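# no sequence on hand, only this structure:
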């Protein structure tokens, strides 16, 4: 097993826990902006410790990193806050699945920006992602219709 697989598995686990922690915080009526502000504060601390321990405290980075990190951080913070605010209106499993389906954006971007080859497998993956979103939308509609019928039957009683 190469180090790449270890990184991939650790990433999968850590990103998965973000959804669990967000739902945990939501269950305790925490404000999404407060949770993510503190989370990113802790990220700065952890990142700094990582650089000190494993990079010999070498904080020097090429200027291009700043140009990349700024929109990266903005998109990450907005995405996290909006995700956490959105899970109040649905199931965590559905919300997290939608987050993971966002992988279609870089897949399409890699074809457009980096001119990666399009093959039947990639077309199938993007098509399945689109179908998944449609099916999730239909599931949400069915849940809302059931809840409406239950509410009406309770109101009539």
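Yep, it's here. Keep in mind the model is a prediction, meaning the values are calculated, not measured.
# buried set for the host helix or strand of residue 37?
Assigned by DSSP states H and E, residue 37 belongs to helix 32-54. By neighbour count on 16 or more other Cβ atoms under 10 Å, the buried set for helix 32-54 is 32, 35-36, 39. Quick note: C-beta positions are derived from backbone N, CA and C, even for glycine.
# mean confidence score for it?
What helix 32-54 shows for mean pLDDT is 92.
# got it, and stretch 143-157?
Stretch 143-157 comes out at a mean pLDDT of 81.
# nearest residue to the spatially most central residue of the chain in space, please, no chain neighbours.
With the centre of the chain defined as its mean C-alpha position, the nearest residue by Cα atoms, centre = their mean is residue 99, 4.4 Å away. Counting by Cβ to Cβ, 6 or more residues apart in numbering, the nearest residue to residue 99 once its immediate chain neighbours are dropped is residue 83, at 6.1 Å.
# list the residues that contact that neighbour.
22, 95, 99 (Cβ atoms under 8 Å, 6 or more residues apart in numbering).
# figure out the helix or strand that the second one lives in.
It refers to residue 95. helix 92-101.
# can you list the buried residues in whatever helix or strand comes next after that helix?
The C-terminal neighbour of helix 92-101 among helices and strands, as given by DSSP H and E, is helix 104-114. Neighbour-count burial for helix 104-114 flags residue 104 (criterion: 16+ other Cβ under 10 Å).
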